[in-house]
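**Q** Generate coordinates for the sequence data below:
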Amino acid sequence: MVWGLFPAESLPGEQKYFIYSKGAYKVGRKGCDVIINTDKGVSRIHAEIIVDAMTSFDPHQNRPSGFPLEVRIRDCSKYGTFINKKLGKGAKVHEHPNKEMTLKDGDLVSFGTGNATYRFCFVPLIFFVYCSKSLRSFLEDKISLIGAFATCNWTPECTHVLVDESAPVKEELLEAVMARRPVILGNWVEISQQALGD
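**A** Residues are numbered from 1 along each chain as shown. As a prediction, this is how the structure comes out:
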């Protein structure tokens with residue numbers, strides 16, 4: 001799985017953000033990992049999302065195989081960061097110890113005066129790995145490092161198809177392509193890890 005921060009309402013200029021690895025992610029108006037320009041109450045560096053660990057998603061359990069011990073949000077702003085404010089049970093992050101709170105799957109996070117609200121949630125990445133057995137175990141290990149789950153059996157729950165160019169085309173690969181799943185090559189995983197600094 002990866003973590004996602006998605007706009008609660010579709011407003012011009014708002015984007016979806018994905019977190020693929022552990023670390024601290026700055027949220028703010030400028031020079032941050034998550035850029036928010038839709039609320040004038042958002043500071044240049046408004047908050048930090050801290051992910052302590054990534055885990056893979058097991059589709060057979062219908063839930064992550066273990067959430068990180070903590071995914072926290074720290075407020076660094078003047079106007080505040082709020083959790084579930086739009087649900088009527090909002091908590092002000094800056095009123096908690098160390099100005100931080102734990103985030104849970106499905107939380108609504110509001111930055112500034114409240115015009116910028118995002119849903120924090122996990123996003124399952126399930127790779128159908130279509131290659132030789134010798135390459136499969138190597139790729140499965142690499143895939144788990146980016147918080148994704150790998151399977152050698154095609155199911156409609158698969159979000160991506162990872163293909164070895166030399167593998168023969170068989171029925172299950174055609175089914176995955178017909179289901180319009182993104183097809184990527186084996187080196188994509190390594191390139192992703194390098195981009196993430198792993």
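**Q** Domain boundaries for this protein, per the record?
**A** Listed domain ranges for the chain are 2-123, 126-195 (source: the TED database).
**Q** so His94 sits in a helix?
**A** Yes: assessed with DSSP: H, G, I helix; E, B strand; the rest coil, His94 lies in a helix.
**Q** roughly how far apart are it and Thr81?
**A** In this view, His94 and Thr81 are 7 Å apart by Cβ to Cβ, to the nearest Å. Every C-beta, even on glycine, is put in place using the N, C-alpha and C of the backbone.
**Q** what sits in contact with each of these two?
**A** Asp75 (Cβ atoms under 8 Å, 6 or more residues apart in numbering).
**Q** Count the neighbours of Pro97 for me.
**A** Using other Cβ atoms under 10 Å, Pro97 is surrounded by 6 other residues.
**Q** Let me know the pLDDT of it.
**A** Here the pLDDT value assigned to Pro97 is 83.
**Q** Next: the one 10 residues further on.
**A** Among the per-residue scores, Asp107 holds a pLDDT of 93.
**Q** is it in a bridge, and if so with what?
**A** Beta bridges link Asp107 to Phe120 when assigned by DSSP bridges.
**Q** got the contact list for it?
**A** Contacts for Asp107 were tallied using Cβ under 8 Å, 6+ apart; they are Ile83, Asn84, Arg119, Phe120.
**Q** From Gly4, how far off is it?
**A** 12 Å.
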